[in-house]
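Student: Please find the sequence and the predicted model below.
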Amino acid sequence: MVIKSIVVGALQVNCYVVADDASRKAMVIDPGDEPDMIMDVVKGNNLEVEYIVCTHGHFDHVGAVSDIKDETGAKVVIHRDELAMYNGAKDMAAFWGYELDPLPEPDILVKDGDSVKAGDLSFEIMHSPGHSPGGLCLFGNGIVISGDTLFAGSIGRTDFVGGDIGKLKKSFQRLMALPEETRVLSGHGPQTTIGREKRENTFSAEFLK
């Protein structure tokens, strides 16, 4: 498995390029900005991008979706409950003082339990609402790509439109039930593991009691 992390944009989003080593089939997860840098990684590793997966629709995670789709022809994947947030990303960006190009229509609307594949790699879709209504995580191959649901030591904000602390608590609990050795690749900040977050995350004591 090939995993490349690229920190993009003013809000320092972790964009991930994940690929099957044998077939070089790939997916790009959360291309928030700087499409040229993302495509340099794709081309430099001789990858064929089949899917663009958005863990949620906030502007800092989707800002380069149009460019990557134009370059690769890949299918855009979001959770079906995130369509309104995705469609509102341009307005959200403007509110925060950023400009966002129009986004393409999603090609695939997924639900909890679906899967997305790159060659022989398969990831389960875990619906993880709380930070946004249709937030999702990708679980498989010893990793979970958690978007803004879970960070090293913290969780995503719930004070945006569509945020819900009660739902985020349940999403947190579900992630903490994954194997402790699972690597967590989050939407911002450093990597961690489920085991470390069970022991050290600021919210574990409250959410897991």
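Tutor: The structure has been received and is ready for your questions. Being a predicted model, the structure only gives us computed values, none of them experimental.
Student: Tell me who's in contact with the spatially most central residue of the chain.
Tutor: By C-alpha atoms, centre = their mean, the chain has its centre lying nearest to Thr55, at 3.2 Å. By C-beta atoms under 8 Å, 6 or more residues apart in numbering, the contact set of Thr55 is 29-30, 61, 135-138, 145-149, 187. From N, CA and C alone the C-beta is placed, and that goes for glycine too.
Student: buried ones in the longest helix along the chain?
Tutor: Looking across the chain with DSSP state H, the single longest helix is helix 165-176. Neighbour counts over helix 165-176 (16 or more other C-beta atoms under 10 Å) mark 167-169, 171-172, 174-176 as buried.
Student: Adding pLDDT, write those out as a markdown table.
Tutor: Formatted as a markdown table, these follow (pLDDT from 0 to 100):
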| residue | pLDDT |
| --- | --- |
| Lys167 | 98 |
| Leu168 | 98 |
| Lys169 | 98 |
| Ser171 | 98 |
| Phe172 | 98 |
| Arg174 | 98 |
| Leu175 | 98 |
| Met176 | 98 |
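Student: Which pLDDT does the model give the nearest residue to Gly88 once chain neighbours are set aside?
Tutor: Leaving aside its chain neighbours, Gly88 sits nearest to Gly57 (7.3 Å; criterion: C-beta to C-beta, 6 or more residues apart in numbering). Listed pLDDT for Gly57 reads 97.
Student: show me the residues around Gly57 that make contact.
Tutor: Contacts of Gly57 by C-beta under 8 Å, 6+ apart are 78, 82-89, 132, 134.
Student: same deal with Ala177?
Tutor: Contacts of Ala177 by C-beta under 8 Å, 6+ apart: none found.
Student: what does the one 5 residues further on give?
Tutor: Under the criterion of C-beta under 8 Å, 6+ apart, the neighbours of Thr182 are 139, 142-144, 193-194.
Student: same thing but 7 Å
Tutor: Thr182 is in contact with 142-144, 193-194, counting by C-beta atoms under 7 Å, 6 or more residues apart in numbering.
Student: now do Glu34
Tutor: 8-9, 64.
Student: Strands along the protein, start to end?
Tutor: Using DSSP state E, the strands of the chain run over 2-8, 13-19, 25-29, 48-53, 75-79, 108-110, 115-118, 121-127, 136-140, 143-147, 150-151, 154-155, 183-186, 192-193.
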